[in-house]
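> give me a 3D structure for the following:
(chains A and B)
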Number of protein chains: 2
Amino acid sequence: MNSAIEHQLHHRTIRAFTAQEIPATTIDTLIDVARHTATSEFLQAFSVISVTDPQLKKAIAAISKQTYVGDNGHLFIFVADQHRNAQIGHEMGQDENKVGGTNKFLAAASDAILALQNTVVAAESMGLGTVVLGSILNDAGQLIDLLHLPQLTFPILGLAIGYPDQEPQYKPRLPKKFMHFENSYQLSTPLIPQLKAYDAEVHEYYDLREANRRVDTFTNQVNRSLLNVPEKRHELLQLLHQQGFLLE
Amino acid sequence: MNSAIEHQLHHRTIRAFTAQEIPATTIDTLIDVARHTATSEFLQAFSVISVTDPQLKKAIAAISKQTYVGDNGHLFIFVADQHRNAQIGHEMGQDENKVGGTNKFLAAASDAILALQNTVVAAESMGLGTVVLGSILNDAGQLIDLLHLPQLTFPILGLAIGYPDQEPQYKPRLPKKFMHFENSYQLSTPLIPQLKAYDAEVHEYYDLREANRRVDTFTNQVNRSLLNVPEKRHELLQLLHQQGFLLE
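The predicted structure is shown next:
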């Protein structure tokens, strides 16, 4: 096994960073890696915003409901972006376009998310820690305003990176037989009895993690998450429409 | 610069693979890497289907309108998957859940796409070539049938990997100033005059690539793509609804 893969297999989310600043050249290299990610039809339909203004960072931490987002580390927001390409078309005399369709939203979202994971791997290969922030969508409307995101853009995920200031345990992953299939989707049910050993493993992980944290199983976490949707996440579809996406 | 990042900066899509088979242990390692990717709320809302049946592979190549998809190489379909988690909830006595919302679709799609890119980097670190296949969505309805994808799943991207049988040029990427911003989205317009040098670079790339291929610029490609949506891609929103996604 090569060292790149060893790094990937030892991925864990890092939520606490030291005060050591990341050199500008490192950020530059990470953006270069993002740019060199595979992209749908070569349209490069994503952008990245570096959040360096401390006030803005605090505001995004509040949206995320994760105070650590406002602390040390460099914060990126990855943006699904069909605005730039629509602008090019407009300048070339095209008044109509199909960028508002679901097809183009999925392409832009994919471009942004692929580029983010490429950035994660690059950062971790340099010894940096990373945390992917789905939590920026807890109030996507406010984030759109804060970052001045125009029509046909959408903030899809955040990414904070920095020098690790913690050593968390490795979180046990769902066994392969529940998520890798051959030729067709095949999940034998009921699942709960089959997940008993994995539940025990996850329980032990939480037990070891921190004394004052919940001790939970995987199935309990899943069960709780199914009904628990943060208030403003109900607005996501409306916001996507407002940004000009998913219109057909 | 470390070797992992060098690999990433030298990414290029490989569409022709030799007949050399990829060992099962390699596929296993790649799935392990996919499993260890960051996942939203630890819900691991994705699955991977390995397409090993030659007939099925040909059918997917026809959907993709890319014959090479049916040739050498290992084909994965990455699936946004809330079905498994909804099934767990159901077995725990939950009759209702919110997995049909936009929020949960974005989470599942993100999980699947992040895992795919992690797999790409791992494969390339081992000297394998990769091609990400957005083209599976040219007829997502048929693909859903072929793979027997249940409610609350959606095939988000394909990935073919194999031992490279070609040495393509590196495709020049959009300069940073057009896609990396600080604290807010800032694109100065008009874009076309600013993109002149980049257009020339892309033109040269195509010119060198193959004598019998189009010689094109970036802005021309963008312009053409804005109106050109393959027929069945207009059905994507309806299909997502049919699979139980984006319902609110």
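> centre of the chain to the longest helix along chain A, how far?
Scanning chain A for the helix with the most residues, using DSSP state H, yields helix A:102-125. Mean-position distance between helix A:102-125 and its chain equals 9 Å (C-alpha atoms, centre = their mean, to the nearest Å).
> quick one, helices of chain A?
Assigned by DSSP H, the helices in chain A fall at A:3-9, A:24-35, A:54-64, A:83-91, A:102-125, A:140-146, A:196-209, A:218-227, A:236-242.
> is the longest one up against chain B anywhere?
Yes. Applying C-beta under 8 Å from any C-beta of the partner chain, one finds helix A:102-125 touching chain B at A:102-104, A:106-107, A:109-110, A:113-118, A:120-122, A:125. (Glycine included, C-beta is placed from N, CA and C.)
> CA atoms only: put that helix into CSV for me.
Written as CSV, here are the backbone C-alpha positions of helix A:102-125 (Å, rounded to 0.1, in the frame of the first residue of the first chain):
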residue,chain,number,x,y,z
THR,A,102,-31.5,20.1,-12.9
ASN,A,103,-28.9,18.7,-15.3
LYS,A,104,-26.7,21.8,-15.0
PHE,A,105,-27.2,22.0,-11.2
LEU,A,106,-26.0,18.4,-10.8
ALA,A,107,-23.0,19.1,-13.0
ALA,A,108,-22.0,22.3,-11.1
ALA,A,109,-22.5,20.6,-7.7
SER,A,110,-20.4,17.6,-8.8
ASP,A,111,-17.6,19.8,-10.0
ALA,A,112,-17.5,21.7,-6.7
ILE,A,113,-17.7,18.6,-4.6
LEU,A,114,-15.1,16.6,-6.6
ALA,A,115,-12.7,19.6,-6.3
LEU,A,116,-13.3,19.9,-2.6
GLN,A,117,-12.4,16.2,-1.9
ASN,A,118,-9.3,16.6,-4.1
THR,A,119,-8.4,19.6,-1.9
VAL,A,120,-9.0,17.5,1.3
VAL,A,121,-6.6,14.8,0.1
ALA,A,122,-3.9,17.3,-0.9
ALA,A,123,-4.2,19.1,2.5
GLU,A,124,-4.0,15.8,4.5
SER,A,125,-1.0,14.7,2.4
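> quick one: it to helix B:218-227, angle?
Interaxial angle of helix A:102-125 relative to helix B:218-227 (axes from the mean of the first three to the mean of the last three C-alpha atoms, to 10 degrees): 130 degrees.
> name the residues of helix A:102-125 that are buried.
By neighbour count on 16 or more other C-beta atoms under 10 Å in any protein chain shown, the buried set for helix A:102-125 is A:102-125.
> with the first one instead?
Of the residues in helix A:3-9, A:4, A:5, A:7, A:8, A:9 count as buried by neighbour count, 16+ other C-beta under 10 Å.
> tell me the spacing between the third one and chain B.
When distances are taken as C-beta to the nearest C-beta, to the nearest Å, residue A:7 and chain B turn out to be 7 Å apart.
> pLDDT (mean, whole number) over the longest helix of chain A?
Over the span of helix A:102-125, the pLDDT mean works out to 97.
> do the same with stretch A:36-45
The predicted model assigns stretch A:36-45 a mean pLDDT of 97.
> okay, now the domains of chain A?
For chain A, the structural domains run A:3-168+A:229-242, A:176-224, going by automatic domain parsing.
> any idea how far apart the tips of the shortest one sit?
End-to-end distance for domain A:176-224, by C-alpha to C-alpha, to the nearest Å: 23 Å.
> chain center to it: distance?
22 Å.
> quick one, grab the pLDDT at the residue of chain A most remote from its centre.
Distance from the centre of chain A peaks at residue A:93, with 35.3 Å (C-alpha atoms, centre = their mean). pLDDT for residue A:93: 91.
> just the CA trace of stretch A:63-80, in CSV.
Taking Å, rounded to 0.1, in the frame of the first residue of the first chain, the C-alpha atoms of stretch A:63-80 are listed here in CSV:
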residue,chain,number,x,y,z
ILE,A,63,-24.7,29.7,10.6
SER,A,64,-22.9,26.4,11.0
LYS,A,65,-23.7,26.3,14.7
GLN,A,66,-20.1,25.2,15.1
THR,A,67,-18.0,27.7,17.0
TYR,A,68,-14.7,26.0,15.9
VAL,A,69,-15.5,27.3,12.3
GLY,A,70,-14.7,30.8,13.6
ASP,A,71,-11.5,29.8,15.3
ASN,A,72,-8.0,28.9,13.8
GLY,A,73,-7.7,27.5,10.4
HIS,A,74,-8.4,28.5,6.8
LEU,A,75,-12.0,28.5,5.7
PHE,A,76,-13.0,27.7,2.1
ILE,A,77,-16.6,27.8,0.7
PHE,A,78,-17.0,25.7,-2.4
VAL,A,79,-19.6,27.1,-4.8
ALA,A,80,-21.5,25.3,-7.5
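> average model confidence for that stretch?
For stretch A:63-80, mean pLDDT rounds to 96.
> then stretch A:182-199?
Mean predicted lDDT for stretch A:182-199 stands at 97.
> for chain A, give the strand that spans the most residues.
Assignment by DSSP state E gives strand A:153-162 as the longest strand of chain A.
> listing partners with orientation, what would you give for it?
With DSSP bridges as the test, strand A:153-162 is paired with strand A:74-81 (antiparallel), strand A:129-133 (antiparallel).
> redo these as TSV? Include distance to residue B:229 and mean neighbour count.
Below are the strands paired with strand A:153-162 laid out as TSV (distance: least, C-beta to C-beta, whole Å; neighbours: other C-beta atoms under 10 Å in any protein chain shown):
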stretch	distance to residue B:229	mean neighbour count
strand A:74-81	17	26
strand A:129-133	30	25
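> and for residue A:164, the neighbour number?
Using other C-beta atoms under 10 Å in any protein chain shown, residue A:164 has 19 neighbouring residues.
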